[in-house]
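Trainee: Have a look at this prediction, sequence included:
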Amino acid sequence: MKPPSSQGLRLTCLLLALASLCLPIPLWKDRDSLMQEEKAQETGGNLVLSRQEQQLNTKLVSLKKMEIATAMTTGQFPPSMHFFRAKRLIDQSKVFNIIKLMPKGAVLHLHDYAMLSVGWLVYNATYLPDCYICFTHTGTVRFRFSKPHPPHPVPAQCSQWVLLESYRKQLHNVSEFDRSLVRNLTLVTDAPEQAYPSQTFIWKRFEEVFLIASGLICYAPVFKAYFYQGLLEFYEDNVQYVEIRAILPTVYELDGTQHNKSWSVAIYQEVTRQFVKEHPDFLGAKIIFTAHRMLNVSQIKEAIVTAMALRAQFPDTLAGFDLVGDEDEGHSLWDLKDALTIPYSLGVNLPYFFHAGETGSLLQGLLLVLHGHFHLGAVLTSHPLQQQNFSAIILHFKVKQCLSQPQVLTADTHQSN
């Protein structure tokens, strides 16, 4: 077969050029229109900025571009780094420190044992009188307040209780000891990829940290002060409302007296009202009662009944119910459906705020929604097909990349959807 002549090539090019002129709609206009439509649908896309707001926006964009340029030069781009390594750079960011001053609205995913800087626990709570410590064979610790005698019994695989005040007096370097306590109460490590190679490892450490903190936080005077101080930290970051997921563990007094869940919710309510009175521009706080998804169906049923009773007693404080713990290791929503449908069967309104979708139980939750059993808070970004199929259902979306990355749910946050 002979190759086409030069005249034939010229004729072909001319025909293609003429065909492009015959297109009914200019493609570049479609592109511009689509770009503008997408911009309008972005958060704040329809807002008209004042002159001062435009000036601030210009400055923020300029600072952002400078920080990106610096990151490209140094090779340290925080969104592509592990959060533990990136936090120092984030704290130094001018953009971040401007954003800290801006109103945040609400924090809707907060846990009772993780709502306050651990430094407060170490440098305040552990310095209170009658605080005891014991050391486990794995290098962790346990705390307990007690008087007039040391706590009893000693936790499994733990040394004898030692009065912390006396123990510190024997140390040559109290500052280093206190820093070790901070490390005991956090997930932070110099080599997170090696320390937490999978979700199993991170969840084990995650729950160990909460166990360590519980001995401090569940002491009644600390319980009240911890919650108030937590609200204050968020208030100082310009957060105006919080919802706290709380297991409502037993709170104890110095003499060993124990308080029930109703007492704890009453304290949350009392402290919140006091805080709002002292900070009138703060909107308030609500509690989401939680149970661990490792519990069996009978135990979850008991928790649901408790949640209904607490919501009836504290309708303005208890927002609803959730399950906590590793989705893959614990029971799925579908496994627990007989317990979760109890409020619906009794005609009781108990809102649910489940983390469904972090590792794969999203579809089960959506099926229960379709059957009218409860409202579901879920993450849909990694389930595009389910997002399309259930687009008519109003769900609560949340993006929490700083938590998802340490939990080994994503490695590079700037590549996440």
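Mentor: Cool, got the structure. Numbering: from 1, shown residues only.
Trainee: C-alpha only now, for contacts and for neighbours.
Mentor: Will do.
Trainee: Report how many residues lie close to residue 337.
Mentor: 17 (other Cα atoms under 10 Å).
Trainee: Please shift the residue numbers so they start at 42 in all later answers.
Mentor: Renumbered: residue one is now 42, and that last one reads residue 378.
Trainee: contact partners of stretch 87-105?
Mentor: The contact list for stretch 87-105 (Cα atoms under 8 Å, 6 or more residues apart in numbering) reads 81, 135-136.
Trainee: go again using 6 Å as the cut-off
Mentor: Contact with stretch 87-105 is made by residue 81, as judged by Cα atoms under 6 Å, 6 or more residues apart in numbering.
Trainee: tell me which residues in that stretch are buried?
Mentor: 101, 105 (16 or more other Cα atoms under 10 Å).
Trainee: quick one: residue 333 and residue 388, what's the gap?
Mentor: Per Cα to Cα, to the nearest Å, residue 333 is found 24 Å from residue 388.
Trainee: Of the two, which one has the most company?
Mentor: More crowded of residue 333 and residue 388, by other Cα under 10 Å: residue 333, with 17 against 8.
Trainee: Could you pull up the contacting residues of that one?
Mentor: 364-366.
Trainee: Closest one to residue 245 out of those residues, please.
Mentor: Closest approach to residue 245 among these (Cα to Cα): residue 366, at 10.1 Å.
Trainee: Give me the phi and psi for that closest one.
Mentor: phi 110, psi 170 (degrees, to the nearest 10).
Trainee: which residues touch it?
Mentor: 333-334.
Trainee: So for it, what's the pLDDT?
Mentor: On pLDDT, residue 366 comes in at 83.
Trainee: Quick check: phi and psi on the residue nearest the centre of the chain?
Mentor: Note on the chain: the residue nearest the mean C-alpha position is residue 150, at 4.7 Å, using Cα atoms, centre = their mean. Torsion angles at residue 150 (phi, psi; degrees, to the nearest 10) stand at phi -130, psi 90.
Trainee: do the same with residue 361
Mentor: The phi/psi pair for residue 361 (degrees, to the nearest 10) is phi 170, psi -150.
Trainee: Repeat that for residue 365.
Mentor: phi -120, psi 160.
Trainee: now it, nearest residue through space, not along the chain?
Mentor: Leaving aside its sequence neighbours, residue 365 sits nearest to residue 333 (Cα to Cα, 6 or more residues apart in numbering; 4.9 Å).
Trainee: Low-confidence regions, the stretch 342-458 of the chain specifically.
Mentor: 396-458 (pLDDT under 70).
Trainee: run the last query once more with 50
Mentor: 400-401, 411-442, 458 (pLDDT under 50).
Trainee: Let me see the contact set for residue 250.
Mentor: residue 226.
Trainee: And the contacts of the helix or strand containing residue 220?
Mentor: Taking DSSP states H and E as the criterion, residue 220 maps to helix 215-225. Around helix 215-225, nothing counts as a contact under Cα under 6 Å, 6+ apart.
Trainee: Quick check: mean pLDDT of that helix?
Mentor: pLDDT averaged over helix 215-225 gives 96.
Trainee: After that helix, which helix or strand is next? Please name it.
Mentor: helix 233-236.
Trainee: how far off helix 215-225 does the next helix or strand after that following helix point, in degrees?
Mentor: Next helix or strand after helix 233-236 toward the C-terminus (DSSP H and E): helix 240-258. If you take axes from the mean of the first three to the mean of the last three Cα atoms, to 10 degrees, helix 240-258 sits at 130 degrees to helix 215-225.
Trainee: Show me what whichever helix or strand comes after helix 240-258 packs onto, helices and strands only.
Mentor: Sequence-wise, the next helix or strand downstream of helix 240-258 (DSSP H and E) is helix 261-277. Using 3 or more Cα pairs under 6 Å, 6 or more residues apart in numbering; DSSP states H and E, no helix or strand is in contact with helix 261-277.
Trainee: what angle separates helix 261-277 from helix 240-258?
Mentor: Using the same axes, to 10 degrees: helix 261-277 against helix 240-258 is 120 degrees.
Trainee: Just give me how far the helix or strand following helix 261-277 sits from the chain centre.
Mentor: Proceeding C-terminally, helix 261-277 gives way to strand 280-287 as the next helix or strand, assigned by DSSP H and E. Remark: strand 280-287 is offset 11 Å from the chain centroid, using Cα atoms, centre = their mean, to the nearest Å.
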